[in-house]
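Q: sharing a sequence plus its predicted fold:
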Amino acid sequence: MPTIVVDVMPKAELLDPQGKATSGALDRLGHGRFHDVRIGKRFELNVDGEVTPEVLAEVRTVANEILSNAVIEDVVAISVDGESVPVEAQ
């Protein structure tokens, strides 16, 4: 059963309060080499059957319309069983 992974991140131009708080905590705990932390979401979708171009088109639609909020987030990566596929249809 193939697994499709969708990664969603806040848009780069928007403030990421969770990332900022985590960055500050890392610094306070002596891990100051890490900065500009951004926190996103990861979705794993198991698929019955083969991953066809139609399935990929459907997962792109689901990622953009349901899994992410297009106003504040970007779908940054989609992979099938660890192999990256284009986020946008070609």
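A: Cool, got the structure. Residues are numbered from 1 along each chain as shown.

Q: now V55: which helix or strand?
A: Assigned by DSSP states H and E, V55 falls within helix 53-62.

Q: buried residues in that helix?
A: With burial defined by 16 or more other C-beta atoms under 10 Å, the residues of helix 53-62 counted as buried are V55, L56, V59, R60, V62. (Glycine included, C-beta is placed from N, CA and C.)

Q: and the strands in this structure?
A: Per DSSP state E, the chain carries strands over the ranges 3-10, 41-46, 73-80, 83-85.

Q: partner strands of the third one, with direction?
A: Meaning strand 73-80. Strand 73-80 has the following sheet partners, assigned by DSSP bridges: strand 3-10 (antiparallel), strand 83-85 (antiparallel).

Q: tell me, which of the ones you listed is the model least confident about?
A: Note on the strands paired with strand 73-80: strand 83-85 shows the lowest mean pLDDT, a mean of 93.

Q: hey, what's I78 bridged with?
A: V6, V85.

Q: top helix in this structure by residue count?
A: In the chain, with assignment by DSSP state H, the single longest helix is helix 17-28.

Q: what are the buried residues along it?
A: For helix 17-28, by 16+ other C-beta under 10 Å, it's G19, S23.

Q: repeat for stretch 73-80
A: So, applying 16+ other C-beta under 10 Å, buried residues of stretch 73-80: E73, D74, V75, A77, I78, V80.

Q: returning to what we had before: let me know the average pLDDT across the longest helix of the chain.
A: For helix 17-28, the per-residue pLDDT averages 96.
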